[in-house]
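> no FASTA, just this:
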């Protein structure tokens with residue numbers, strides 16, 4: 001029988017902070033969104049104090065009961081690298097791993113010898129030993145069931161972080177009591193439509209006629225129903241599907257009212273987008289730039305605009321920044337306080353693809369980009385970058401509670417004193 005597992009890192013962003021600061025082990029920890037806006041990750045201690053997902057930081061910090069909470073700005077370079085480390089540990093224990101998100105990964109457990117509970121418990125212990133990240137694991141005959149098993153493992157302390165739903169009789173006991181909204185792929189709107197027809201539990205969803213589910217949820221609902229019955233419709237993929245597009249967008253730490261500052265920001269976004277392209281060995285043939293003021297302060301004046309350009313496929317930083325600058329000039333307007341901007345790349349294709357007879361790749365440009373990336377890998381992102389990205393960049397997103405990038409920046413690696 002095919003068996004899929006799903007391992008999920010508990011309060012991942014907070015756990016990454018705890019991994020390098022043992023003093024946080026039993027303290028309430030909260031990680032904030034970009035610009036230190038609102039809570040996006042909370043430990044169970046923080047949840048117990050009443051910190052809600054999405055709660056604005058400027059309101060939470062005034063509450064006396066939250067005075068002991070340890071607040072952190074989001075540190076995405078650290079989180080991405082810790083996710084990579086978890087992935088590497090898992091590869092030592094199972095034949096195939098499919099990252100689903102930064103903190104969740106599907107596992108191929110088919111045909112592995114021995115007791116799966118012991119194996120999965122050993123895998124959790126290895127991840128925690130190497131990365132200090134606590135996890136939960138659920139498994140079953142399909143990916144949808146594995147996702148549900150993981151939810152049960154995390155939601156019920158008596159499961160001790162493990163849930164096995166390979167047995168149909170065990171699944172049915174849970175199905176009778178779990179709401180259909182807990183099924184992977186059933187969002188709020190679909191759950192409401194199902195509720196209107198009397199389908200409230202997973203058991204009711206699984207046992208409904210296929211034609212009825214198709215009428216409500218189309219083919220997606222039918223596939224989910226089959227998955228929950230133990231019929232695998234979603235295969236494990238070791239290679240992620242090629243992107244159709246990518247974007248680099250940010251809200252600013254303060255409103256921008258000068259063209260030079262906005263140009264620096266947009267140039268920086270284009271540089272980062274180009275780095276992402278090269279990391280995934282892709283070229284882009286369509287570039288878009290957008291800018292906008294604060295939609296919540298329309299009394300200051302509202303303006304939003306976007307410009308796009310089709311170009312020869314490229315991942316060259318200098319080419320993409322020049323295009324982005326040209327597009328920004330066409331949509332810039334004086335007299336506004338801009339709150340957000342971004343660069344979006346589309347029409348992606350494998351790097352080096354020649355679309356027309358006249359698209360000649362530049363060996364000199366490729367060598368320059370390789371050298372640029374090599375310097376930044378060695379000395380840290382942004383060590384070498386176009387001057388157009390600016391030097392002061394006071395408009396950067398607020399990160400007043402940012403922890404060090406312990407694993408990706410040499411200047412911020414932990415130091416240990418030996419006696």
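Yep, that arrived. Small disclaimer: the values here were computed from a predicted structure and weren't measured.

> wait, doesn't residue 253 sit right on residue 393?
No: counting by Cβ atoms under 8 Å, residue 253 sits too far from residue 393 to count as a contact (9.3 Å). Every residue, glycine included, has its C-beta placed from N, CA and C.

> those two: which is more packed in?
residue 253 (17 against 14; other Cβ atoms under 10 Å).

> any idea how far that one is from residue 340?
Using Cβ to Cβ, to the nearest Å, one obtains 11 Å as the distance from residue 253 to residue 340.

> how close does the residue nearest the centre of the chain sit to residue 133?
With distances taken as Cα atoms, centre = their mean, residue 102 lies nearest the centre of the chain, 5.0 Å away. Plainly put, residue 102 is 11 Å away from residue 133 if you go by Cβ to Cβ.

> common neighbours of the two, please.
residue 12 (Cβ atoms under 8 Å, 6 or more residues apart in numbering).

> does the residue nearest to the centre of the chain really touch residue 79, like I thought?
Yes: using Cβ under 8 Å, residue 102 makes contact with residue 79 at a distance of 6.2 Å.

> and for these two, which residues touch both?
Shared contacts of residue 102 and residue 79, counting by Cβ under 8 Å, 6+ apart, come down to residue 12.

> tell me who's in contact with residue 21.
residue 403.

> please disregard the earlier target; I meant residue 315.
Residues near residue 315 by Cβ under 8 Å, 6+ apart: 274, 277-278, 282-284, 351, 369.

> now do residue 325
Applying Cβ under 8 Å, 6+ apart to residue 325 gives the contacts 263, 266-267, 388.

> show me how far the longest helix along the chain is from its chain's centre.
As assigned by DSSP state H, the longest helix anywhere in the chain is helix 259-279. Centre-to-centre, helix 259-279 and its host chain are 20 Å apart (Cα atoms, centre = their mean, to the nearest Å).

> what's it packed up against?
strand 245-256, strand 282-293, helix 317-331, strand 338-350, helix 363-379 (3 or more Cβ pairs under 8 Å, 6 or more residues apart in numbering; DSSP states H and E).

> so which of those is nearest residue 14?
Distance to residue 14, taken as Cβ to Cβ, is lowest for strand 245-256 among these, at 22.4 Å.

> buried stuff in the closest one?
Within strand 245-256, the residues scored as buried using 16 or more other Cβ atoms under 10 Å are 246, 248, 250-253, 255-256.

> which of those residues sits closest to residue 381?
residue 248 (12.6 Å).

> quick one: the closest one and residue 273 touch, right?
Yes: assessed by Cβ under 8 Å, residue 248 is found in contact with residue 273 at 4.4 Å.

> which neighbours do the two share?
Common neighbours of residue 248 and residue 273 (Cβ under 8 Å, 6+ apart) are residue 343.

> which stretches of the stretch 251-400 of the chain have low pLDDT?
353-363 (pLDDT under 70).

> so where do the helices sit in the stretch 1-150 of the chain?
12-20, 44-48, 57-60, 76-91, 116-131, 143-155 (DSSP state H, counting those that start in this stretch).
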